[in-house]
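1. Everything below, folded, please.
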Amino acid sequence: MTPDPPSTGTGPSTGTGPPPRFAPLALLHTSPVHVPVFDALRDTDHPGLELRHLVDEELLARARREGPEAVAGEVGALTAGAVADGARGVLCTCSTIGAVAEAADAGVPVLRVDRPMAAAAVAAGARVTVLATVASTLDPTVALVEEEARRAGRPVEVRTSLVDGAWALFEAGDTEGCARVVAAAADAVADVDVIVLAQASMTPAVRLTTTPVPVLSSPRPGLAAAADAVRAAETARTVDGAETARTVTGRRRPAR
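-> Residues are numbered from 1 along each chain as shown. Okay, the predicted model is just below:
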């Protein structure tokens with residue numbers, strides 16, 4: 001697997017100078033279609049944030065066949081490699097393997113893209129419907145929503161629905177057709193407080209829905225959380241370095 005070249009963005013910023021630069025964030029994808037999506041979000045919301053994209057489609061294929069834990073070793077190795085190359089955080093954009101990625105001991109923040117979305121769903125109401133185009137994503141997403149409900153101390157009832165035919169369209173490169181099928185499935189959902197689109201690849205469907213029920217997707221809040229984590233980690237690292245420098249300086253003896 002060859003990582004995409006780093007991307008720092010050229011989006012708008014406040015002030016007259018260039019946007020501030022932030023330490024690199026590595027993104028682990030299981031489809032190359034996510035690269036331009038997250039680059040566009042970075043340009044709009046986080047100019048100056050360097051993104052390093054790692055794409056490995058086999059991770060999802062194997063996780064679907066054997067279960068997410070089957071790729072734990074590969075995910076851990078990719079995460080460790082990204083950190084060794086200078087990444088100050090890692091964001092996994094695949095919901096199927098998100099829990100595996102979060103469990104990686106990388107020494108930097110490792111986040112799953114769908115956790116902020118799950119937290120928002122719990123805040124929106126107790127009746128949550130999860131839509132997915134790949135069956136392997138349903139159980140991890142339900143578990144995540146229930147985890148966030150326990151964390152928030154809120155009741156939750158999660159229902160699921162697999163959108164038939166949508167994944168085949170996505171694999172064939174018909175992302176617009178996939179979005180239309182997912183949007184139709186969302187519009188057909190009734191008696192719920194919020195609808196969760198389990199996979200980042202389903203995000204284009206949001207703009208096509210007509211339902212009055214909130215429809216949540218993961219890329220924008222997930223990237224925001226990762227950007228915040230990287231900035232916080234970099235700030236802490238800078239503060240620690242300054243404290244160490246002051247301590248060392250304070251211990252120096254005056255020359256005689």
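
2. Buried ones in stretch 32-49, by neighbour count?
-> 34, 35, 37, 38, 39, 41, 42, 43, 46, 47, 48, 49 (16 or more other Cβ atoms under 10 Å). Placement of C-beta: from N, CA and C, glycine included.

3. Going by distance to residue 100, which of these wins?
-> Nearest to residue 100, judged by Cβ to Cβ, of these is residue 34 at 17.4 Å.

4. Return the subset of the buried residues of stretch 32-49 lying in strands.
-> residue 49 (DSSP state E).

5. Could you identify the most distant pair in the buried residues of stretch 32-49?
-> 34 and 48 (20.5 Å).

6. still on that earlier bit, mind giving me CSV with the buried residues of stretch 32-49 and columns for distance to residue 205?
-> As requested, the buried residues of stretch 32-49 are exported to CSV (distance: Cβ to Cβ, whole Å):
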residue, distance to residue 205
34, 15
35, 19
37, 13
38, 17
39, 20
41, 17
42, 22
43, 22
46, 24
47, 27
48, 30
49, 26
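
7. and the least confident of the buried residues of stretch 32-49?
-> Of all those, residue 48 carries the smallest pLDDT score, 91.

8. how near is residue 205 to residue 104?
-> Between residue 205 and residue 104 the computed distance is 30 Å (Cβ to Cβ, to the nearest Å).

9. Residue 199 too?
-> Counting by Cβ to Cβ - residue 199 and residue 104 are separated by 20 Å.

10. residues touching residue 106, list them.
-> 76, 79, 80, 82, 83, 90 (Cβ atoms under 8 Å, 6 or more residues apart in numbering).

11. What values do phi and psi take at it?
-> The phi and psi values for residue 106, taken as degrees, to the nearest 10, are phi -110, psi -10.

12. Tally up the residues packed near the residue lying closest to residue 197 once chain neighbours are set aside, please.
-> By the measure of Cβ to Cβ, 6 or more residues apart in numbering, the closest residue to residue 197 outside its immediate chain neighbours is residue 217, 4.7 Å from it. Look at residue 217: counted by other Cβ atoms under 10 Å, it has 22 neighbours.

13. Ok, the one 5 residues further on next?
-> Residue crowding around residue 222 was assessed by other Cβ under 10 Å; the count is 26.

14. Residue 194: neighbour count?
-> 22.

15. do you know how far it is from residue 206?
-> Residue 194 is 13 Å from residue 206, by Cβ to Cβ.

16. Could you pull out the residues contacting both of those two?
-> Joint contacts of residue 194 and residue 206 (Cβ under 8 Å, 6+ apart) are residue 215.

17. And residue 39, how far from residue 60?
-> Residue 39 is 20 Å from residue 60, by Cβ to Cβ.

18. in the sheet, who's paired with residue 195?
-> Taking DSSP bridges as the rule, residue 195 bridges to residue 129, residue 215.

19. if I read this right, it contacts residue 131, doesn't it?
-> Yes - using Cβ atoms under 8 Å, residue 195 is in contact with residue 131, at 6.4 Å.

20. Find the residues that touch each one of the two.
-> 186, 189.

21. for this protein, what helix or strand is lowest in average pLDDT?
-> Within the chain, no helix or strand scores below helix 219-251, which has a mean of 76 by mean pLDDT, DSSP states H and E.
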